[in-house]
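Peer 1: Predicted coordinates and the sequence they were generated for:
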Amino acid sequence: MQRVSSVRGRSVRHVTDAPVTATPTPAVPAPLAAAAAALVEAVRTGLAQLGDPVAAAAMQRYMKSEMPFHGVPAPARETLLRRLVDEHPLDGSGPGGGEVGAAADALWDGATRREERYLASGLVGHRRYARLVDVSWVPRLRHWIVTGAWWDHVDEIASRRVGALLRAHPAELTPVVRAWSTDPDPWLRRTSIICQLQAKGDTDLDLLTDAIEASIDDRDFFLRKGIGWALRQHARTDPGWVRAFVDAHPQLSPLSRREALKRL
């Protein structure tokens with residue numbers, strides 16, 4: 001859930017960590033397998049031991065999050081995850097990524113501190129397990145986007161997980177992403193706009209156009225910023241296309257236009 005306030009004339013949502021009941025939770029093995037349960041417990045214990053209450057308060061203020069932090073910076077989280085993946089190997093076979101998917105779901109849905117969700121997404125992106133993420137994971141990723149409902153979660157999932165799946169499975173994912181572009185949920189729409197940030201010459205320009213045009217009149221700051229970001233990134237590959245797109249869409253917000261043309 002989110003509340004809205006006005007900052008210098010624009011509305012800005014403040015994340016309130018949507019409850020996991022907002023969308024159906026993906027099916028996971030029950031009870032949690034011993035190996036997955038051990039990893040989840042080790043993650044929670046490790047984060048608690050590394051926590052810094054002063055840093056936690058600052059991180060919570062910066063992220064405008066109702067869910068508290070342990071106060072563990074990204075480098076320490078990454079070191080912890082690498083160690084725990086080595087110490088607690090998981091079986092990724094079976095529906096939904098087996099023990100890997102189950103552990104990630106437990107960390108995400110059972111999170112009491114924001115870093116637990118960072119490590120949930122980090123786990124599935126680890127080089128040992130990233131290959132497991134296939135089309136069957138789309139409901140899980142959608143669930144994480146909608147319940148994460150803030151840029152720190154959504155941008156990672158959109159650009160690294162959804163985008164990779166879109167490039168690997170365009171026939172299956174293109175209709176999904178196009179549907180998200182008109183979804184009432186603004187974070188699914190932002191995902192549809194920015195999921196091709198790493199596509200370079202493989203960018204589906206028709207899909208990018210549809211995603212942008214679906215939200216081009218929306219006053220939401222994160223949608224306008226996402227549109228500009230997506231265009232600015234593609235300008236690295238095809239600046240002429242981006243200039244032509246901006247010229248052909250005078251209804252682009254000043255923010256989107258400024259971001260799109262920043263390096264042109």
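Peer 2: Yep, it's here.

Peer 1: distance of the residue positioned nearest the centre of the chain from L141?
Peer 2: In the chain, the centroid-proximal residue (Cα atoms, centre = their mean) is V154; its distance is 2.4 Å. The spacing between V154 and L141, counted by Cβ to Cβ, to the nearest Å, is 10 Å. C-beta here means a position set from N, CA and C on the backbone, and glycine is covered the same way.

Peer 1: And A158, by the same measure?
Peer 2: 9 Å.

Peer 1: Then T191?
Peer 2: Taking Cβ to Cβ, one finds T191 at 9 Å from L141.

Peer 1: between the two, which one's more packed in?
Peer 2: Higher neighbour count among T191 and L141: T191, with 28 against 20, using other Cβ atoms under 10 Å.

Peer 1: got a list of what that one touches?
Peer 2: I145, V154, I157, A158, V162, V177, W180 (Cβ atoms under 8 Å, 6 or more residues apart in numbering).

Peer 1: ok, of those residues, which come out buried?
Peer 2: I145, V154, I157, A158, V162, V177, W180 (16 or more other Cβ atoms under 10 Å).

Peer 1: Settle this for me: the fifth one is touching V177, isn't it.
Peer 2: Yes: with the criterion set as Cβ atoms under 8 Å, V162 and V177 qualify as a contacting pair; they are 7.1 Å apart.

Peer 1: Show me the helices in the stretch 1-150 of the chain, by range?
Peer 2: 34-50, 53-63, 74-87, 98-109, 114-125, 138-148 (DSSP state H, counting those that start in this stretch).

Peer 1: got TSV for the ones you listed, with distance to A214 too?
Peer 2: Formatted as TSV, those follow (distance: least, Cβ to Cβ, whole Å):
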stretch	distance to A214
helix 34-50	37
helix 53-63	27
helix 74-87	32
helix 98-109	27
helix 114-125	25
helix 138-148	16
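
Peer 1: Low-confidence regions, this structure specifically.
Peer 2: Confidence mapping of the chain against pLDDT under 70 gives the ranges 1-30.

Peer 1: let's see it at 80
Peer 2: 1-31 (pLDDT under 80).

Peer 1: that older thread, what sits in contact with each of T191 and L141?
Peer 2: I157, V162.

Peer 1: Can you give me the end-to-end span of stretch 208-227?
Peer 2: Stretch 208-227 stretches 9 Å from its first residue to its last (Cα to Cα, to the nearest Å).

Peer 1: List the buried residues in it.
Peer 2: Applying 16+ other Cβ under 10 Å to stretch 208-227 flags 208, 210-212, 214-215, 220-227 as buried.

Peer 1: Name the residues that touch that stretch?
Peer 2: So stretch 208-227 is in contact with 10-13, 151, 177-178, 181-182, 186-187, 189-190, 192-194, 196, 230-231, 234, 245, 249, 251-253, 255-256, 259-260, going by Cβ under 8 Å, 6+ apart.

Peer 1: about what we covered before: which of the helices of the stretch 1-150 of the chain sits most buried?
Peer 2: helix 98-109 (a mean of 25; mean count of other Cβ atoms under 10 Å).

Peer 1: got the angle for that one vs helix 34-50?
Peer 2: 40 degrees (axes from the mean of the first three to the mean of the last three Cα atoms, to 10 degrees).

Peer 1: could you say what helices and strands helix 98-109 packs with?
Peer 2: helix 34-50, helix 114-125, helix 138-148 (3 or more Cβ pairs under 8 Å, 6 or more residues apart in numbering; DSSP states H and E).

Peer 1: and P89, which of the ones you listed is closest to it?
Peer 2: helix 34-50 (7.3 Å; Cβ to Cβ).
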